[in-house]
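A.B. asks: predicted model and sequence follow; I will ask about them next.
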Amino acid sequence: MLEKAALLERLADCNRGITATPEERVAIAAAIAQLEDRNPNPNPLNATALLEGDWQLLYTTSGELLGIDRIPLLNLGAIYQCIRTADSRIYNIAEVKGIPFLEGIISVVADFTPVTEQRVEVQFTRAIWGSQRLMSYKSCPQFIQSIESGQKFIALDFGIKPRERNGWLDITYLDADLRIGRGNVGSLFVLKKV
């Protein structure tokens, strides 16, 4: 599909949005809108086999995520969103790189509830921030398995009170290896399946 190839080409050099200029952001938003018009799964929440799995962030306009890269001595590494449809759970995992031995993880766990065939309401339930080494972090699936087993980490690891932070996300494009979403604060997200 030409629209998909054009979007991926635009995203190739913008470091998930960190280095995108205002003009590039406008062009990317237009390319996203063109692809959304050709969504092969207009009811993505019914396509659980496609939705399920681990997704890596290619692009976002989320100031909260992009702001991680502005912390002195740290650089934002890969960002993942891991969806477990059977449990209605989302795991957001940001890898942080920096001075040796300062590699970190910033993770938020959320439950989701379908509201429409495209929209989920998200309720954040747990946050974990800490050292990859101290948490024995090796990969997203291994980390999620540790979380699901109830493990507490040597890290800032705390529950988030109900209704303290919540939001919604519209899934506006979904195919076998690409997903686009729009959040309640106007953020765009483009992710590829890993």
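C.D. replies: That came through, no problem.
A.B. asks: what bridges to residue 94?
C.D. replies: Going by DSSP bridges, residue 94 is paired in beta bridges with residue 79, residue 106.
A.B. asks: that one is in contact with residue 103, isn't it?
C.D. replies: No: counting by C-beta atoms under 8 Å, no contact exists between residue 94 and residue 103, whose distance comes to 11.6 Å. Bear in mind the C-beta positions are built from the backbone N, C-alpha and C, glycine included.
A.B. asks: neighbour count for these two, which is higher?
C.D. replies: residue 94 (20 against 17; other C-beta atoms under 10 Å).
A.B. asks: before we move on, the earlier item: anything in contact with each of residue 94 and residue 103?
C.D. replies: Shared contacts of residue 94 and residue 103 (C-beta atoms under 8 Å, 6 or more residues apart in numbering): residue 77.
A.B. asks: give the burial count for residue 171, as a bare number.
C.D. replies: Neighbours of residue 171 under the rule other C-beta under 10 Å: 24.
A.B. asks: pLDDT at it, what is it?
C.D. replies: According to the prediction, residue 171 has pLDDT 97.
A.B. asks: need the contact list for it.
C.D. replies: By C-beta under 8 Å, 6+ apart, the residues touching residue 171 are 44-45, 51, 118-120, 179-181.
A.B. asks: helix or strand, whichever it is, which one in this structure has the lowest mean pLDDT?
C.D. replies: The helix or strand of the chain with the poorest confidence is helix 63-66; it has a mean of 82 (mean pLDDT, DSSP states H and E).
A.B. asks: chain center to that helix, what's the gap?
C.D. replies: 11 Å (C-alpha atoms, centre = their mean, to the nearest Å).
A.B. asks: what helices or strands is it leaning on?
C.D. replies: strand 74-84 (3 or more C-beta pairs under 8 Å, 6 or more residues apart in numbering; DSSP states H and E).
A.B. asks: can you list the buried residues in the least confident helix or strand of the chain?
C.D. replies: 65-66 (16 or more other C-beta atoms under 10 Å).
A.B. asks: can you check stretch 60-78 too?
C.D. replies: So, applying 16+ other C-beta under 10 Å, buried residues of stretch 60-78: 60-62, 65-66, 68-69, 74, 76-77.
A.B. asks: what about the longest helix in this structure?
C.D. replies: helix 22-36 (DSSP state H).
A.B. asks: what sits up against that one?
C.D. replies: So helix 22-36 is contacted by 1, 3-4, 6-7, 10-11, 14, 17, 20, 59, 61, 172-173, 180, 188, 190 (C-beta under 8 Å, 6+ apart).
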